[in-house]
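**Q** okay, structure incoming, though there's no sequence with it:
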């Protein structure tokens, strides 16, 4: 018997600008996070098949989805500041 399925892995890419959260109203540096969905066999991630990007409040975990183009712009802007 082969056990297969899907798994989502989360990776914080960087801190973005300070913003006020529309959910908890705290002002903090939001996180740019990538969620990658993986095909797994016996709970071992083997093949990535989907990536999604989010800007997330570090306090309440509320956030919103962004597309890959917006993610690239944010990454490029942050590299210029360093």
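**A** Right, received. Where do you want to start? Since we're looking at a predicted model, the values are computed, not measured.
**Q** who does the longest strand seen in the chain touch, helix- and strand-wise?
**A** Assignment by DSSP state E gives strand 4-20 as the longest strand of the chain. Applying 3 or more Cβ pairs under 8 Å, 6 or more residues apart in numbering; DSSP states H and E, we find strand 4-20 packed against strand 27-41, strand 44-56, helix 68-81. Where you see a C-beta, it was placed from the backbone N, CA and C, and this is true even at glycine.
**Q** nearest to residue 8, out of those?
**A** Nearest to residue 8 among the helices and strands packed on strand 4-20 is strand 27-41; the distance by Cβ to Cβ comes to 5.2 Å.
**Q** quick one, that closest one and strand 4-20 angle?
**A** Relative orientation of strand 27-41 and strand 4-20, computed by axes from the mean of the first three to the mean of the last three Cα atoms, to 10 degrees: 170 degrees.
**Q** got the contact list for strand 27-41?
**A** For strand 27-41, the surrounding residues in contact (Cβ atoms under 8 Å, 6 or more residues apart in numbering) are 2-21, 45-59, 63, 71, 74-75.
**Q** before I go, just wanted to say thanks for your time.
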